[in-house]
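Prediction below, plus the sequence it came from.
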Amino acid sequence: MNIKEMEQLINQISSVISCKIVIDDQNNIQEIHVLSNVKRGPKQISRDIQSILISKFGLNIDYKKISVAQIDENMSEDIDFRLKLSSIQYSLSESKAIIKVTLEKEGKHYEGQASGIQTKHNSEKMIATATLKAVENFLGIEDMFIIEDLKTVNIAHRDVVVTAIIYINEYEEQFFTGCASVNRDKKEAIVKSTLDGINRKIMKYYNEN
């Protein structure tokens, strides 16, 4: 199985920016991580990936193995609206971690907090959760954003944090994904990835309310 050839073909799909295929010890595909623009929906891109793999390589890949993170390459509108990271505070009490994320907009600060058992993955999810709590503080709502999953993938020789977020209220449940490159601080990338996933939802909710 030529993984590089598969990645090159997927990269040719409309809207795809880059792709990384993860395999196991038996050379079986476990995950396909795709970064795309917002011109086409994740479901369309996922279906195209399934089609090209079955037609070119005879591989019938479960759609659950395909994750599509989207970024708006031309996003400039409402840029001044966006919440910005002010600080991340991390403290320990025995095996329990307490994480506070503070966001800032126009000189005002909005804090969110999460706590739990200190493991690497759980600590990263708590950073994302604290970020969502800070967003809810800004919007004046409670318990409407949930961090569903968080992963770090390597695309184009760079680590990228990908977050999956659920927005839920009494009428609907929506799924969002965000991503951010890891430069110097992974914690900062987690916050930025989380905000990237829901920025448009924040703006829409804020304007409607």
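Good, I have the coordinates.

just so I have it, where are all the helices in the protein?
Using DSSP state H, the helices found in the chain span residues 3-11, 42-57, 120-139, 186-208.

Let me have these in JSON lines, extended by mean pLDDT.
Shown next, in JSON lines, are these (pLDDT from 0 to 100):
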{"stretch": "helix 3-11", "mean pLDDT": "89"}
{"stretch": "helix 42-57", "mean pLDDT": "92"}
{"stretch": "helix 120-139", "mean pLDDT": "94"}
{"stretch": "helix 186-208", "mean pLDDT": "86"}
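
Need the winner for burial among those.
helix 120-139 (a mean of 21; mean count of other C-beta atoms under 10 Å). The C-beta positions use only the backbone N, C-alpha and C, and glycine is treated the same way.

chain center to that helix, what's the gap?
Chain-centre distance of helix 120-139: 12 Å, with C-alpha atoms, centre = their mean, to the nearest Å.

So what touches it?
Residues from elsewhere that reach helix 120-139, judged by C-beta atoms under 8 Å, 6 or more residues apart in numbering: 83, 88, 90, 97, 99-103, 105, 110-116, 142-147, 150, 163, 165, 186-187, 190-191, 193-195, 198, 202, 205-206, 209.

Restrict those residues to the buried ones and give me that as a PyMOL selection.
Per 16 or more other C-beta atoms under 10 Å, the buried members of these correspond to this PyMOL selection:
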select buried, resi 83+88+97+99+100+101+102+103+110+111+112+113+114+145+147+150+163+165+187+190+191+193+194+195+198+202+205
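
if you look at the contacts of helix 120-139, which of them are in strands?
The strands, defined by DSSP state E, take in 88, 90, 97, 99-103, 105, 110-116, 145-147, 150, 163, 165 from the contacts of helix 120-139.

I'd like to know the beta-bridge partner residues of the spatially most central residue of the chain.
Centrality entry for the chain: nearest residue to the mean C-alpha point is residue 163, 2.3 Å, by C-alpha atoms, centre = their mean. Residue 163 has the following beta-bridge partners by DSSP bridges: residue 150, residue 178.

could you give me the average pLDDT of stretch 161-178?
Stretch 161-178 shows a mean pLDDT of 89.

Need the distance between the two termini of it.
Start and end residues of stretch 161-178 are separated by 8 Å (C-alpha to C-alpha, to the nearest Å).

can you list contacts of it?
By C-beta under 8 Å, 6+ apart, stretch 161-178 touches 33, 42, 67-70, 128, 132, 144-153, 179-182, 186, 189-190, 192-199, 201.
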